[in-house]
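J.: Structure for the following, please:
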Amino acid sequence: MSNAGLSAQDHARISEAIRAAEAGTSGEIYVVVARTADDFHFVPVLWAAIAALILPWPLQLLTTLSSTTILLAQVIFFVLTASALSHPRIRHALVPRGIAAESTRKHAHALFFAHGVHLTQARTGVLIYVALLQRQVEIVADAGIHGEVEQSAWDELARSVTDAAREDRLADGIVDAVRRAGVLLAAHFPPKPDDVNELSDRVVEI
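T.: Coordinates of the predicted model:
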């Protein structure tokens with residue numbers, strides 16, 4: 001997944017896809033693209049600490065360095081390693097996949113409430129959330145949808161966005177996910193005569 005954001009053209013395409021999808025349903029679709037779900041500042045320190053703890057063993061066994069010199073080398077190694085691993089691309093690449101997924105899930109749910117996706121009248125809002133640096137996608141559906149659409153359907157849409165993003169087709173993946181989300185919603189939540197657009201159709205980038 002590329003770390004680059006969306007262009008103005010991408011924004012326009014996705015917004016148009018949202019409008020088209022919502023024309024066939026009373027549900028609402030909201031898209032947020034974030035650079036990261038978490039800064040993970042602890043990750044470089046953790047890996048550097050592990051490496052620094054291992055370093056003295058080969059130095060003790062394979063060299064004639066004094067204990068004081070080895071201790072000093074350990075401290076210097078820790079500082080240099082933590083600094084090197086703190087570069088954003090390296091830092092995020094070192095985050096265990098499970099931790100990245102959990103962070104993305106929590107951030108998606110926080111944004112679901114922060115942006116009022118839960119405030120639609122029929123509780124039929126859907127958030128499509130993309131965390132670029134984590135290479136993770138999370139789709140959160142509101143309470144009114146759970147009894148009609150299985151979570152596995154949203155998980156499949158999330159995977160399709162991730163797959164497209166890995167091929168540097170993030171905008172295409174989001175557009176397709178919005179279209180398919182509209183189809184899922186339309187099957188269970190057809191439009192009503194008094195429908196109003198309760199959520200903005202614009203894409204939010206943070």
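
J.: only C-alpha atoms for contact and neighbour calcs from this point on.
T.: OK.

J.: ranges for the helices of the chain?
T.: 8-22, 42-54, 56-62, 67-85, 88-93, 97-114, 143-146, 151-166, 170-188 (DSSP state H).

J.: among those, which gets the worst mean confidence?
T.: Within the helices of the chain, the least confident segment by mean pLDDT turns out to be helix 88-93, at a mean of 84.

J.: Buried residues, that helix. List them.
T.: Judged by neighbour count using 16 or more other C-alpha atoms under 10 Å, the buried positions of helix 88-93 are 91, 92, 93.

J.: In contact with the second one, which residues?
T.: In this case it means residue 92. Listed by C-alpha atoms under 8 Å, 6 or more residues apart in numbering, the contact partners of residue 92 are 40, 133, 134.

J.: ok, now with 10 Å
T.: With contacts defined as C-alpha atoms under 10 Å, 6 or more residues apart in numbering, residue 92 is in contact with 36, 38-41, 43-44, 85-86, 100, 133-135.

J.: What's the PyMOL syntax to select whichever of those residues are buried?
T.: If you want just the buried ones from these in PyMOL, going by 16+ other C-alpha under 10 Å, the selection is:
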select buried, resi 36+38+40+43+44+85+86+100+133+134+135
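
J.: Go through the helices of the chain and name the closest to residue 124.
T.: With C-alpha to C-alpha, the closest approach to residue 124 among the helices of the chain belongs to helix 143-146: 5.3 Å.

J.: For the residue most central in space within the chain, list each beta-bridge partner.
T.: The residue at the geometric middle of the chain, judged as the C-alpha nearest the mean C-alpha position with C-alpha atoms, centre = their mean, is residue 131 (2.5 Å). Beta-bridge partners for residue 131, by DSSP bridges, are residue 34, residue 136.

J.: So it is in contact with residue 35, correct?
T.: Yes. Between residue 131 and residue 35 a contact is recorded at 5.7 Å, counting by C-alpha atoms under 10 Å.

J.: give the contact list for the residue nearest to the centre of the chain.
T.: By C-alpha under 10 Å, 6+ apart, the residues touching residue 131 are 1, 3, 32-38, 100-101, 103-105, 107-108, 137-138, 162, 206.

J.: Show me which of the residues you listed are buried.
T.: For those, a neighbour count by 16+ other C-alpha under 10 Å gives the buried set as 1, 3, 32-38, 100-101, 103-105, 107-108, 137-138, 162.

J.: And this protein, what are its domain boundaries?
T.: The chain breaks down into these domains under automatic domain parsing: 8-39+96-205, 42-93.

J.: Single out the most deeply packed of the ones you listed.
T.: The highest mean neighbour count among the domains of the chain, using mean count of other C-alpha atoms under 10 Å, belongs to domain 8-39+96-205: a mean of 19.

J.: follow-up on the earlier one: roughly how far does the residue nearest to the centre of the chain sit from residue 157?
T.: Using C-alpha to C-alpha, to the nearest Å, one obtains 15 Å as the distance from residue 131 to residue 157.

J.: Repeat that for residue 23.
T.: Counting by C-alpha to C-alpha, the separation of residue 23 from residue 157 is 20 Å.

J.: List the residues that contact the nearest residue to residue 126 once chain neighbours are set aside.
T.: Of all residues beyond its chain neighbours, the one nearest residue 126 is residue 141 (4.4 Å), with distances taken as C-alpha to C-alpha, 6 or more residues apart in numbering. For residue 141, the contacting residues are 28-29, 109, 112, 117-118, 123-128, 149-151, 154, by C-alpha under 10 Å, 6+ apart.
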